[in-house]
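> One predicted model, sequence on top.
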Amino acid sequence: MAAITAALVGELRAKTDAPMMECKKALTEADGDMAKAEEILRVKLGGKAAKASSRVTAEGVVAAYIAGGIGALVEVNSETDFVAKNDEFMALANACAKLVAENNPADVAALSALPLDGGTVESVRAALIGKIGENMSIRRFKRFETSTKLASYLHGTRIGVMVEHDAADEQVGKDVAMHIAAMKPVSLSSDDVPADLIEKERSVATLKAAESGKPADIAAKMIEGSVQKFLKEVSLLNQPFVKNDKQTVEQMLKAANANVKSFGMFVVGEGIEKVTTDFAAEVAAMTK
């Protein structure tokens, strides 16, 4: 049987970036044959990725990329916040944002098929899953292309915002992006608020009005007042500006002779139901 030296293990690790113990096991199984060991690792790491694929990924990062009038936001998820801080995981997210901006893929599947680091985005993702042992997924992206300007703001790595604007002062765009991260508007103006959100607010207001026991005409005014208040609270232009709540965002933009044409915001894990695990029970089950 061939001797599995530290140098041989190091060479395989340099080629595959797989964990040291996995490299040693693969070389042992391949009786020191480097090519065969590489193939064994591909199968093993692919298997790990397949096993991990059913696990919920509600943590992760938002990455942003801007080059001139083209930009992108991407959300890449992991199972735990610990992995979300991993440099290679963050590098994958940043690479995806750049690829989205430059290639304009139709969807996540098309993004996953794009070339990256000698393979594809999908092969890099699968290899990283095999290396770290935790599921990861590219959840969503939003691409921007404009003849004006783009500004972005990342609140840590968990909230990402991109704004399309025409302000002469670049700081105005950055300030609006920061405002969006803080106040989380759902639309640019009241007219753009999704109908289902308005209907939900109207239903809540109707129940409250009914409980008040007020006459029908007054109840109707209460309902409409609640809906109008809601529309102002969730639309960007009507919100009080975070850096000066004496003026709305719309008033701030007007004073700066600027306009916001669109924006996008991703919050990590938004809308994903997290799975809570009873760790003691899980350990007990494993020992039975």
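Received, thanks.

> show me what contacts the nearest residue to residue 80 once chain neighbours are set aside?
Nearest residue to residue 80 in three dimensions, chain neighbours excluded: residue 59, at 5.6 Å (C-beta to C-beta, 6 or more residues apart in numbering). The C-beta positions use only the backbone N, C-alpha and C, and glycine is treated the same way. By C-beta atoms under 8 Å, 6 or more residues apart in numbering, the contact set of residue 59 is 77, 78, 79, 80, 81, 83, 84, 268, 269.

> For the third one, grab phi and psi.
Geometry field for residue 79 lists phi and psi as phi -80, psi -40, criterion degrees, to the nearest 10.

> one step back: so which of the contacts of residue 59 sit within helices?
Per DSSP state H, helices hold the following members of the contacts of residue 59: 81, 83, 84.

> ranges for the strands of this structure?
Secondary structure of the chain (DSSP state E): strands at 59-67, 70-78, 115-116, 119-120, 136-145, 149-155, 159-165, 240-241, 244-248, 260-267.

> Just the buried ones among the contacts of residue 59, please.
Buried by 16 or more other C-beta atoms under 10 Å: 77, 78, 79, 83, 84, 268, 269, out of these.

> which of these lies closest to residue 258?
The shortest approach to residue 258 among the buried ones among the contacts of residue 59 belongs to residue 268, at 29.2 Å (C-beta to C-beta).

> List the contacts of the nearest residue to the closest one once chain neighbours are set aside.
Closest residue to residue 268 in three dimensions, ignoring its sequence neighbours and counting by C-beta to C-beta, 6+ apart: residue 158, at 4.4 Å. Counting by C-beta under 8 Å, 6+ apart, residue 158 touches 61, 62, 267, 268.

> Which two among the residues you listed are spaced furthest apart?
Pairwise distances across these (C-beta to C-beta) peak at 11.4 Å, for the pair 61 and 267.
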